[in-house]
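A.B. asks: Let me see the structure of the following:
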Amino acid sequence: MGSEEPSHAAGRTGVDDLENMRPITLDDSSRTALFAAQTECTFVFATPQGWPAGVIVSYLVDGGSVWFTAASSRLHVRALADEPRVSLVVSNTGTDLPGRQMVTIRGRATVHRDRATRDWFFPRFVERMQPNDPDAFARLLDSPDRVVVEVEVVRIPVSHDSTRLPGDGRGGNA
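C.D. replies: I've put the predicted structure just below:
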């Protein structure tokens with residue numbers, strides 16, 4: 001009794017199979033729309049013991065980097081001193097964007113503690129996250145323990161856009 005590898009004929013993604021997902025990656029304009037519509041992502045980092053861990057953070061995108069803020073005492077900020085290589089995962093869950101979209105980003109994180117970065121970041125961040133009362137949110141964030149984390153995008157290894165599949169990736173013709 002021998003074991004044979006399963007045979008997958010080269011079919012149409014989303015019609016015959018869901019094995020080859022390369023044809024349904026997010027294009028640049030869809031990725032930009034996703035980043036604009038979504039305000040939260042999963043920030044994945046390595047703990048000092050080497051374990052992968054993740055937290056949800058609110059973010060903004062600027063200049064080829066993803067930016068967020070946190071208290072410097074948080075584990076995910078402290079861990080960056082030992083290992084700045086991180087990942088971010090953004091999905092369209094909770095947005096008005098159609099289908100199921102996601103993107104994973106590999107990046108290098110830099111922790112900014114300087115006033116100039118804080119003065120640039122906080123007004124833009126609070127306007128995005130709390131447009132109804134940005135001043136109140138800015139006062140909460142502007143504390144001595146607060147840092148700004150920049151994740152410079154190194155690579156986008158994975159993305160997915162189910163709207164590029166027949167039946168939204170669940171089979172069928174619609």
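A.B. asks: Specify the local secondary structure of residue 30.
C.D. replies: Under DSSP: H, G, I helix; E, B strand; the rest coil, residue 30 falls in the helix class.
A.B. asks: Spatially nearest residue to it (excluding sequence neighbours)?
C.D. replies: Counting by C-beta to C-beta, 6 or more residues apart in numbering, residue 30 lies nearest to residue 161, which is 5.8 Å off, once chain neighbours are set aside. The way it works is simple: take the backbone N, C-alpha and C, and place the C-beta from them, glycine included.
A.B. asks: What's the separation between the one you found and residue 91?
C.D. replies: Plainly put, residue 161 is 11 Å away from residue 91 if you go by C-beta to C-beta, to the nearest Å.
A.B. asks: so what's in contact with the two at the same time?
C.D. replies: Listed as contacting both residue 161 and residue 91 by C-beta atoms under 8 Å, 6 or more residues apart in numbering are 100, 101.
A.B. asks: what sits opposite residue 160 in the beta ladder?
C.D. replies: Note on residue 160: beta-bridge partners by DSSP bridges are residue 102.
A.B. asks: In terms of pLDDT, where does the residue nearest to residue 24 when sequence neighbours are not counted sit?
C.D. replies: Leaving aside its sequence neighbours, residue 24 sits nearest to residue 164 (C-beta to C-beta, 6+ apart; 4.3 Å). Looking at residue 164, its pLDDT is 79.
A.B. asks: Likewise for residue 2?
C.D. replies: 43.
A.B. asks: which of the residues in the strand or helix carrying residue 136 are buried?
C.D. replies: Per DSSP states H and E: residue 136 is located in helix 134-141. For helix 134-141, burial by neighbour count (16 or more other C-beta atoms under 10 Å) applies to 134, 137, 141.
A.B. asks: Quickly find the element holding the residue lying closest to residue 61 once chain neighbours are set aside.
C.D. replies: Counting by C-beta to C-beta, 6+ apart, the nearest residue to residue 61 once its immediate chain neighbours are dropped is residue 35, at 4.7 Å. Using DSSP H and E, residue 35 maps to helix 28-37.
A.B. asks: List the contacts of that helix.
C.D. replies: 26, 61, 90, 92, 95, 96, 97, 101, 103, 156, 159, 161.
A.B. asks: Same question for stretch 53-70.
C.D. replies: Under C-beta under 8 Å, 6+ apart, the answer for stretch 53-70 is 35-36, 39-47, 74-77, 79, 88-89, 105, 107, 121-122, 124-125, 128-129, 141, 146-153.
A.B. asks: Now flag whichever of the buried residues of helix 134-141 is closest to residue 51.
C.D. replies: Nearest to residue 51, judged by C-beta to C-beta, of the buried residues of helix 134-141 is residue 141 at 28.6 Å.
A.B. asks: how about that closest one, what does it touch?
C.D. replies: With C-beta under 8 Å, 6+ apart as the criterion, the residues that contact residue 141 are 69, 122, 125, 126.
A.B. asks: Thank you kindly, that will do.
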